[in-house]
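In: Could you work out the structure for the sequence below:
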Amino acid sequence: MLESSYNSNIKHARSLVDNQKGDEMMPRKAFWSPITAQRFLSLQDCNGKDDFFSSDLSDDQLVDRLGHVGKIYDNDDDNYNHDDNGDTLGEDLTNKKQHLALRVLVAFSGKDEYVPDHVDKDLLLKRLCGAMIQKGLRNNDHDHDNNNSTNNIYQNGKVLVKRLMLDKGNHNLSKGQGELEKFVNSISSFLRDI
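Out: Next comes the predicted model:
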């Protein structure tokens, strides 16, 4: 979303945050919905805390932000045997999850109004998905389906990252005939295969 006022909005938000006023609201013209200065910077500033999907991020920056998605755990990983609260997982659960990575379906709307027209959305989708599997995968423990237009990423014969481009869909799939149905059907199919 690089409107003509982008730089002035970033400057204004930084000024508020620098003056300990990050919870102040941005002017209405700055964003499509009410937003604080801190949240605006997190989403809109280059390298903001929530800048996960920008096309101007390098491959290394994308891996830093998204690489945890495809991390493969080992039993000797100190963090593996604990949940987010630090509680120990049961022995059965630990053994069953050994060497498994999170499987994910990544959907991208080809007509997303919040992505500039100059961005190659197919390439960005591939870069995002590729970044998700870089950390923790050793010895090229994944395969790309280069013979298929989906370019899914596989591990041990199972889809690790499934790419879904919704060419005609907008950001929330309220536009683009058939895209909402394609999205729902893809999720259903993906969940059945888990």
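In: Leu173 against Leu180, yeah?
Out: Yes. Counting by CB atoms under 8 Å, Leu180 is a contact partner of Leu173 at 4.5 Å. No exception for glycine: its C-beta is placed from N, CA and C like everyone else's.
In: more neighbours, these two?
Out: Neighbours were counted for Leu173 and for Leu180 using other CB atoms under 10 Å; Leu173 has more, 19 against 15.
In: For the more buried one, which residues are in contact?
Out: Ser109, Leu166, Glu179, Leu180, Phe183 (CB atoms under 8 Å, 6 or more residues apart in numbering).
In: Now for the fourth one: which residues touch it?
Out: Taking CB under 8 Å, 6+ apart as the criterion, Leu180 is in contact with Gly169, Leu173.
In: 6 Å instead, please
Out: Leu173 (CB atoms under 6 Å, 6 or more residues apart in numbering).
In: how about the biggest strand by length in the chain: buried residues?
Out: The longest strand of the chain (DSSP state E) is strand 158-166. For strand 158-166, burial by neighbour count (16 or more other CB atoms under 10 Å) applies to Val159, Leu160, Val161, Lys162, Arg163, Leu164, Met165, Leu166.
In: For the fourth one, give its distance to Gln134.
Out: When you say that, I think you mean Lys162. Taking CB to CB, to the nearest Å as the measure, Lys162 falls 17 Å from Gln134.
In: which residues of the chain score low on pLDDT?
Out: Regions of the chain meeting the criterion pLDDT under 70 cover residues 1-3, 71-101, 135-151, 155-156.
In: which residues in it form helices?
Out: Secondary structure of the chain by DSSP state H: the helices cover 6-18, 37-44, 59-66, 91-97, 121-132, 179-192.
In: do you know how far the nearest residue to Leu124 once chain neighbours are set aside is from Lys121?
Out: Excluding its sequence neighbours, the residue lying closest to Leu124 (CB to CB, 6 or more residues apart in numbering) is Ser55, at 5.1 Å. To Lys121, Ser55 is 9 Å away according to CB to CB.
In: Name the residue in those two with the higher neighbour count.
Out: Shown here are Ser55 and Lys121; by other CB under 10 Å, Lys121 has more neighbours (19 against 15).
In: Using PDB, list the CA coordinates for stretch 176-186.
Out: Provided in PDB are the C-alpha atoms of stretch 176-186 (Å, rounded to 0.1, in the frame of the first residue of the first chain):
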ATOM      1  CA  GLY A 176     -13.600 -13.000  -7.900                       C
ATOM      2  CA  GLN A 177     -16.200 -15.500  -9.100                       C
ATOM      3  CA  GLY A 178     -15.500 -19.000  -7.900                       C
ATOM      4  CA  GLU A 179     -12.400 -18.100  -5.800                       C
ATOM      5  CA  LEU A 180     -14.100 -18.400  -2.400                       C
ATOM      6  CA  GLU A 181     -15.400 -21.900  -3.300                       C
ATOM      7  CA  LYS A 182     -11.900 -22.800  -4.600                       C
ATOM      8  CA  PHE A 183     -10.400 -21.600  -1.300                       C
ATOM      9  CA  VAL A 184     -12.900 -23.600   0.800                       C
ATOM     10  CA  ASN A 185     -12.500 -26.800  -1.300                       C
ATOM     11  CA  SER A 186      -8.700 -26.500  -1.100                       C
END
